[in-house]
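3D model of this:
(one chain, ligands or ions: 1)
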Amino acid sequence: MRLAGLQKTSVIDFPDQISAVVFTQGCNFHCSYCHNSQLIPLKLPSGKELMPESYFFGFLEQRQNLLDGVTITGGEPLLQSDLKDFLFKIKNDYNLLIKLDTNGSNSSELKKLMEADLIDYLAVDLKFSWSNYKQLAPEALVSEIKSSVELIIDSNLDYEFRTTVVPSLHDKEELEKIAQQIKGAEKYFVQNFRPVNTLDPGLKDQRSFAPSELEKFKLAAEKYLKNVQIRD
Ligand code: SF4
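Alright, predicted model coming up:
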């Protein structure tokens, strides 16, 4: 596993659970608003080092009794070729729950993890409506995300879809389209953009949405989804 770092305790990343958060190195997207842009390159710049897996498991050895689970985030965790073994070890050797964050662009790997019952909570970022995804990802990856969405909605997994909304990228019509495309989904979160440490430096001067605007997005999404919440 290419591990970039560890947040030892979080009460906000894994719903209703106290979790450690482990960050994987490498992502196949370049979202302009990404707050973790240092995690995008697969190869680290010289002078930077990955976190040894032995350090992470040594930490779990000491803290497993104080944690309910582990949140695996990135970067894009599904790019890691040994993710399945990593999750298996967390669940079986340390008896901890697993939350996985993903951009949904690798449906076959996701399916394998779901079939092996290695995910307790899944959070999938939906960046745009399908027609607008082309500004971020090639058609092949958009097809993968569509397959992931179908797979997840048809599953018994505890999951959420979520969209980070950015004033220059999203509006009410876009949110309505995204919601329509995931009709039947259990939970959808509209997450406000924060102009901090963004991949595109130009976004650092951009505002977040006002609460009243987020409320309009929520109402638009509720045309198609029964459980829409705002994260501001
Ligand atoms: S926001 Fe997520 S999917 Fe987008 S570049 Fe950053 S880590 Fe990758």
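
tell me what the strand or helix carrying residue 112 is packed against?
Using DSSP states H and E, the element containing residue 112 is helix 107-115. When contacts are defined as 3 or more C-beta pairs under 8 Å, 6 or more residues apart in numbering; DSSP states H and E, helix 107-115 sits against helix 83-94, helix 139-153. To be clear about C-beta, it is placed using only N, CA and C from the backbone, and glycine gets the same treatment.

ok, now with 6 Å
helix 139-153 (3 or more C-beta pairs under 6 Å, 6 or more residues apart in numbering; DSSP states H and E).

okay, the helix it packs on in PDB with CA atoms only?
This file holds the C-alpha atoms of helix 139-153, laid out as PDB (Å, rounded to 0.1, in the frame of the first residue of the first chain):
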ATOM      1  CA  GLU A 139     -15.700   8.400 -21.300                       C
ATOM      2  CA  ALA A 140     -14.300   5.000 -20.100                       C
ATOM      3  CA  LEU A 141     -14.000   6.300 -16.600                       C
ATOM      4  CA  VAL A 142     -17.400   7.900 -16.600                       C
ATOM      5  CA  SER A 143     -18.800   4.400 -17.700                       C
ATOM      6  CA  GLU A 144     -17.000   3.000 -14.700                       C
ATOM      7  CA  ILE A 145     -18.600   5.500 -12.300                       C
ATOM      8  CA  LYS A 146     -22.000   4.700 -13.800                       C
ATOM      9  CA  SER A 147     -21.400   1.000 -13.200                       C
ATOM     10  CA  SER A 148     -20.300   1.700  -9.600                       C
ATOM     11  CA  VAL A 149     -23.500   3.800  -9.000                       C
ATOM     12  CA  GLU A 150     -25.700   0.900 -10.300                       C
ATOM     13  CA  LEU A 151     -23.800  -1.600  -8.200                       C
ATOM     14  CA  ILE A 152     -24.100   0.400  -5.000                       C
ATOM     15  CA  ILE A 153     -27.800   1.300  -5.400                       C
END
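
after it comes which helix or strand?
Sequence-wise, the next helix or strand beyond helix 139-153 is strand 159-165, with elements assigned using DSSP H and E.

neighbouring strands - and their directions - for that following strand?
Strand 159-165 has its sheet partners listed here by DSSP bridges as strand 121-125 (parallel), strand 188-192 (parallel).
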